[in-house]
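> kindly generate the corresponding structure for this input.
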Amino acid sequence: MKKRIFPIAILTFMSLLLSCNNTKKTIAAATDSTTSGSEQLYQFQWNLTELNGVTVPAIAKAYLLLSLGQVNKVTGNTGCNLMNGSFELSGTNGIKFSAFATTRMACIDNPITNVEQKFLDALSVTGNWVIKDTVLLLSHANTIVAKLKGAIAEK
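Next up is the predicted model:
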C-alpha cells in the first residue's frame, strides 16, 4: 500500500509545482508588457502648446481635462472661455469630440487670447490621438492639429 501512495504523492506534488511555474510565467509576461491604452488620456490635464504647427503661449492657459470616472466627459478652457462636451473613442487611437458648450465672456482680441476659435476648430476635426512622452498629439488624417502637454491636473 505504501508503494502506491508514494508515486501518487510525487505526481501530485510535481503537478502542483508545474502549474505554479506556469502561473508565474503568465503573471511575469503580463507585468512586462507596456500599456498604451486610453487610460493615459485620463492621467493629466492637457495644456495646449501648439495649434496647426504654431506655438501657443502658456499664458493662454488653454487646456483639456478628460474626467476619470466620468467616461466620455471633457472639460477645459479655450484660452478665454470655459468649455465642456463629450468625446467618443474608437479603435486603438480614434477620437471624436462633440460640439463644445462654452461660456461667452468677452475676450480681448490679441494673439494670446485669439486661440479660442482655432482650438475649437482643431478639436472639431480631430480624428486620432497618440501620446508620446506626456505630449498628446491630436490629428486629422495625417496632420497634427494640436499638441497638448500633460501636467498634473489643477484642483
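> Phe44: neighbouring residues, count only.
Using other Cβ atoms under 10 Å as the criterion, Phe44 is surrounded by 20 other residues. For every residue, glycine as well, the C-beta is placed using N, CA and C.
> that one against Ile152, yeah?
Yes. The pair Phe44 / Ile152 is scored as a contact, 7.0 Å apart, by Cβ atoms under 8 Å.
> now do the helices in this structure.
2-32, 116-125 (DSSP state H).
> worst mean pLDDT among those?
Mean pLDDT across those is lowest at helix 2-32; the value there is a mean of 41.
> now what about stretch 39-59, what contacts it?
60-68, 76, 79, 111-112, 115, 118-119, 122, 129, 131, 134-136, 144-154 (Cβ atoms under 8 Å, 6 or more residues apart in numbering).
> skipping adjacent residues, who's closest to Tyr75 in space?
No, residue 75 isn't Tyr; it's Thr. Of all residues not flanking Thr75 in the chain, Asn84 sits nearest, at 4.6 Å (Cβ to Cβ, 6 or more residues apart in numbering).
> now do the contacts for the one you found.
Asn84 neighbours (Cβ under 8 Å, 6+ apart): Lys73, Val74, Thr75, Gly76, Phe100, Ala101.
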